[in-house]
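Peer 1: Build me a structure from this.
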Amino acid sequence: VLHGIVFGDGSLTSKKTRTQIYLCNDKKGADKRKLSKYFEAAGYSGIKRDDIEQIRFYGLPVHWKELPDVTKVSKSYLLGFISGWFATDGHVSKHHDNLSISSVKKENLEWLIKNGPSVGITTSINPQERQGNTYSGFIKSFTVNISKNNVPSNFFIFDDKTLRGGTSKHMKYWTIRNIE
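Peer 2: A predicted model of the protein is given here:
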């Protein structure tokens, strides 16, 4: 889970020897400070900044800013990674009928499309391209939809997204019944 959270919202230090993450309260979105419990449970100490509603974690492994090598991790680790990534970069639509995840790197989503099915996470075939305005100007990002019908119940680790999650109200023509 931590790997996915940092992959989604963390950053490399200037010397690229460690990663760090600032978990913030986005008044227009979700309070990501709630994810700090996962870092604390793993023994990491956060620095709380109440004045800017933020918890910072430093000295995290540098490989947490890279996609995991699926040949070297367990299915459980892989599902935890995707779950953590979804907690930071995922979205549940207002009407609870659509899950999606976004990235500025198309290859990250292509990795998800390829490897997600091995842990029951199925996605749309082609990433959608969007352009948005950020603090540093316009940036191109890519989004894929995730099928709600096959998402495991423990996938939603972030209460703000769990409350809007749930099973799809639309009929599905197939489901994954077994993962080997």
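Peer 1: Which of the three states applies to the closest residue to F158 other than its chain neighbours?
Peer 2: Distances taken as CB to CB, 6 or more residues apart in numbering place A87 nearest to F158, at 4.0 Å, with adjacent residues excluded. No exception for glycine: its C-beta is placed from N, CA and C like everyone else's. When classified by DSSP: H, G, I helix; E, B strand; the rest coil, A87 comes out as helix.
Peer 1: A87 reaches I5, doesn't it?
Peer 2: Yes. Contact criterion CB atoms under 8 Å: A87 and I5 qualify, at 6.0 Å.
Peer 1: So which residues of the protein form strands?
Peer 2: Along the chain, the stretches classed as strands by DSSP state E are 11-12, 19-24, 47-49, 54-60, 90-92, 99-103, 128-134, 137-146.
Peer 1: Quick one: mean pLDDT over the first one.
Peer 2: Per-residue pLDDT over strand 11-12 has a mean of 94.
Peer 1: so what secondary structure elements neighbour it?
Peer 2: Applying 3 or more CB pairs under 8 Å, 6 or more residues apart in numbering; DSSP states H and E, one finds that strand 11-12 contacts strand 19-24.
Peer 1: rewinding a little: can you pull the pLDDT of the residue nearest to F158?
Peer 2: 93.
Peer 1: which residues does it contact?
Peer 2: V1, G4, I5, G8, K32, L35, F156, I157, F158, K161 (CB atoms under 8 Å, 6 or more residues apart in numbering).
Peer 1: what's the spacing between E107 and I113?
Peer 2: Separation of E107 from I113 (CB to CB, to the nearest Å): 10 Å.
Peer 1: Repeat that for I82.
Peer 2: 12 Å.
Peer 1: These two: who's more crowded?
Peer 2: Neighbours were tallied for I82 and for I113 using other CB atoms under 10 Å; the higher tally belongs to I82 (26 against 17).
Peer 1: Dump stretch 70-87 to CSV, restricted to CA.
Peer 2: Output of stretch 70-87 as CSV, limited to C-alpha atoms (Å, rounded to 0.1, in the frame of the first residue of the first chain):
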residue,chain,number,x,y,z
VAL,A,70,5.6,-7.9,-11.3
THR,A,71,8.0,-10.8,-11.5
LYS,A,72,9.5,-10.0,-8.1
VAL,A,73,6.4,-9.2,-6.0
SER,A,74,3.5,-11.2,-4.7
LYS,A,75,-0.1,-10.8,-5.9
SER,A,76,-1.0,-9.4,-2.5
TYR,A,77,1.8,-6.8,-2.8
LEU,A,78,0.6,-5.9,-6.3
LEU,A,79,-3.0,-5.4,-5.2
GLY,A,80,-1.8,-3.3,-2.3
PHE,A,81,0.3,-1.2,-4.7
ILE,A,82,-2.6,-0.6,-7.0
SER,A,83,-4.9,0.2,-4.0
GLY,A,84,-2.4,2.7,-2.6
TRP,A,85,-2.0,4.3,-6.1
PHE,A,86,-5.8,4.5,-6.4
ALA,A,87,-6.0,6.2,-3.0
